[in-house]
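J.: this one's sequence-less:
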Ligand SMILES: NC(=O)C1=CN([C@@H]2O[C@H](COP(=O)(O)OP(=O)(O)OC[C@H]3O[C@@H](n4cnc5c(N)ncnc54)[C@H](OP(=O)(O)O)[C@@H]3O)[C@@H](O)[C@H]2O)C=CC1
Ligand SMILES: CC(=O)N[C@@H](CCC(=O)OP(=O)(O)O)C(=O)O
């Protein structure tokens, strides 16, 4: 496949290049950047030298769509909508790493992302790209709205218990922690070393724009309205998301039952690793890989099920999952180019 990456120099763009430059079926054909136009990507990121030495072109998105089979967009949503239209007209494929195509209801998107864009949203035949839940739809889709990083960690962790209705309440408490690369490469005061190092800080408490995405998908899984209380935290690490989720459990369910239920739910999913009772995930245990680890515990005094999931935000939380989706869209094995072990230590 000829691949174009629009917004190639950001954190998710460079991660796409890292994966795709070693992918046997992909040929990186167009890379865009606003700030680094006309430079070699391997001059901007010397670590790519010998692997990807392409020139960064500007924002000739029409050309990108014309010469590529599949486009990955990491651009702001206004631009991605324009690219979406070009992709549809040209009969090509688009995988968007941003939020533009994740929502069923466009008004929800506009409200939470503060957007005034007016488009015919229903004309974009898109699928929510959480691969394990939408695999068959992804295979036949033209546009994939790749999920947000926090939603990936949360929805994968909750899907088995909501689908099987073993939790009794519909208000679920989620505490997530993210590494700083989750915020992208644009310099911001709050992401300076001296603000993040040796510091852990909550942000956008109960207001984060991933709340509607999480609720949309959990409500579909449970077939009723699910609400979440979501608190994200920035922690002093580069990559990784750890989500700890609390929900009330039906009585009489043991930890072994929960383990069996998760094993069964994800029995055909290469990238989901269910940990045996007593073992818990950590961000390092998935760093640099496309795996999601899920573990759990039951607090018997309160009958609370505590689910813990870990992903690498740039891999399963973004570019890894995007390539997983690309593989499916082109009839390739899902783990092609992604079958790597975490980095140690
Ligand atoms: N970081 C993460 O862990 C995750 C990110 N996402 C989402 O993916 C998307 C990309 O994230 P990330 O890679 O971290 O972001 P970055 O800020 O690191 O990169 C953004 C990229 O978009 C390009 N860009 C930005 N504005 C414009 C513009 N007006 N015209 C042309 N190009 C532009 C930049 O180009 P240049 O600077 O070269 O001009 C850069 O290559 C976002 O929507 C983000 O929310 C989703 C999941 C996880
Ligand atoms: C650590 C950090 O700042 N993370 C980002 C992740 C959001 C993101 O990726 O959001 P969209 O894909 O929906 O744009 C944040 O909380 O805004």
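T.: Structure's in. What do you need? Keep in mind that what you see is a predicted model, and the values were worked out from it rather than measured. Ligands and ions are numbered 1, 2, ... in the order given.
J.: what's around the residue of the chain at minimum distance from ligand 1, how many residues?
T.: Nearest to ligand 1, among the residues of the chain, is residue 10, at 1.8 Å (CB to the nearest ligand atom). Every residue, glycine included, has its C-beta placed from N, CA and C. Residues contacting residue 10 under the criterion other CB atoms under 10 Å number 17.
J.: look at it and report its pLDDT.
T.: On the pLDDT scale, residue 10 is placed at 98.
J.: and for residue 252?
T.: pLDDT at residue 252 comes out at 87.
J.: could you tell me how many residues sit around it?
T.: Neighbour count of residue 252, defined by other CB under 10 Å: 8.
J.: follow-up on the earlier one: the residue of the chain closest to ligand 1 touches residue 74, doesn't it?
T.: Yes. Using CB atoms under 8 Å, residue 10 is in contact with residue 74, at 5.2 Å.
J.: what does the model give the nearest residue in space to residue 237 that is not next to it in sequence for pLDDT?
T.: Nearest residue to residue 237 in three dimensions, chain neighbours excluded: residue 179, at 4.3 Å (CB to CB, 6 or more residues apart in numbering). At residue 179, the model reports a pLDDT of 98.
J.: which parts of the stretch 1-150 of the chain sit against ligand 1?
T.: 7-13, 33-36, 59, 74-76, 79, 97-98, 148-149 (CB under 6 Å from any ligand atom).
J.: next, give phi and psi for the residue lying closest to residue 205 once chain neighbours are set aside.
T.: Leaving aside its sequence neighbours, residue 205 sits nearest to residue 231 (CB to CB, 6+ apart; 5.1 Å). In terms of degrees, to the nearest 10, the main-chain angles of residue 231 are phi -120, psi 110.
J.: tell me which residues of stretch 183-193 are tucked away?
T.: 183, 191 (16 or more other CB atoms under 10 Å).
J.: state the mean pLDDT of it.
T.: Mean predicted lDDT for stretch 183-193 stands at 96.
J.: what's the span of that stretch, first residue to last?
T.: 13 Å (CA to CA, to the nearest Å).
J.: neighbouring contacts of it?
T.: With CB atoms under 8 Å, 6 or more residues apart in numbering as the test, stretch 183-193 has contacts from 9-12, 180, 195-196, 203, 234.
J.: now the most centrally placed residue in the chain: closest residue in space that isn't a chain neighbour?
T.: Nearest to the geometric centre of the chain sits residue 317, at 3.1 Å (CA atoms, centre = their mean). Take residue 317 and drop its neighbours on the chain: the residue closest to it by CB to CB, 6+ apart is residue 149, 3.3 Å away.
J.: check residue 27 too.
T.: In space, and not counting its chain neighbours, residue 27 is closest to residue 2: 5.4 Å by CB to CB, 6+ apart.
J.: can you confirm residue 258 is in a helix?
T.: Yes. Counting by DSSP: H, G, I helix; E, B strand; the rest coil, residue 258 is found in a helix.
J.: quickly find the element holding the closest residue to it other than its chain neighbours.
T.: Among residues not flanking residue 258 along the chain, residue 296 sits closest, at 5.6 Å (CB to CB, 6+ apart). Assigned by DSSP states H and E, residue 296 belongs to strand 292-299.
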